[in-house]
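S.K.: below are the sequence and a predicted model for it; my questions follow.
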Amino acid sequence: MAWLAMASQAGAEVCDKVVRSWTPDDGPATIISPLYYFIWSPVGLIFILLCALSVVIRRRWLYFLNASLLLIFAFLHAVNWIDNEIGNINRAAIEEGCLAEPWLLFAFLFLASIVFTIAAIRTPKQMRK
């Protein structure tokens, strides 16, 4: 019965398409995995750079830019997740263990956009340019 829990060839092909860097030796994905993949992806690194830049420069428009980009990325990622969910691609990857549901990632992106919006609204008047 233990062989039923191991990754099969068909499942490994699903995992290759959904999570490119995952191998069966990595073990099952956790709820933190999508957040980890996002932070270390090129898009995530650009967002980290923009966040650091906005904290250093402290311009209102940059805070709003960060908030809007985070919301747009969260929306596009959610639409992609729902679209793939309809086709059962994500469900097969979750059952295989190479993908976790990205609800923590959505919550992180949404809360980060709220933080940047509040920071943009609360910046001192002399820095609002």
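M.R.: It's in.
S.K.: longest helix of this structure?
M.R.: Counting residues, the longest helix found in the chain (DSSP state H) is helix 60-86.
S.K.: just checking, what packs against that one?
M.R.: helix 42-57, helix 89-96, helix 103-122 (3 or more C-beta pairs under 8 Å, 6 or more residues apart in numbering; DSSP states H and E). (Glycine included, C-beta is placed from N, CA and C.)
S.K.: nearest spatial neighbour of residue 105, skipping sequence neighbours?
M.R.: residue 34 (4.3 Å; C-beta to C-beta, 6 or more residues apart in numbering).
S.K.: can you name the residues that contact residue 34?
M.R.: With contacts defined as C-beta atoms under 8 Å, 6 or more residues apart in numbering, residue 34 is in contact with 99-102, 104-105.
S.K.: against residue 61, how distant is the residue nearest to residue 105?
M.R.: 29 Å (C-beta to C-beta, to the nearest Å).
S.K.: same question, residue 93
M.R.: 39 Å.
S.K.: more neighbours, the two?
M.R.: residue 93 (22 against 12; other C-beta atoms under 10 Å).
S.K.: pretty sure the more buried one contacts residue 13?
M.R.: No: using C-beta atoms under 8 Å, residue 93 makes no contact with residue 13, being 10.3 Å away.
S.K.: give me the nearest residue to residue 65, chain neighbours excluded.
M.R.: Spatially, and ignoring its direct neighbours in sequence, residue 65 is nearest to residue 50 (7.2 Å; C-beta to C-beta, 6+ apart).
S.K.: buried stuff in stretch 104-111?
M.R.: 104-106, 108-109 (16 or more other C-beta atoms under 10 Å).
S.K.: actually stretch 20-29, sorry about that
M.R.: In stretch 20-29, counting by 16+ other C-beta under 10 Å, buried: 22, 29.
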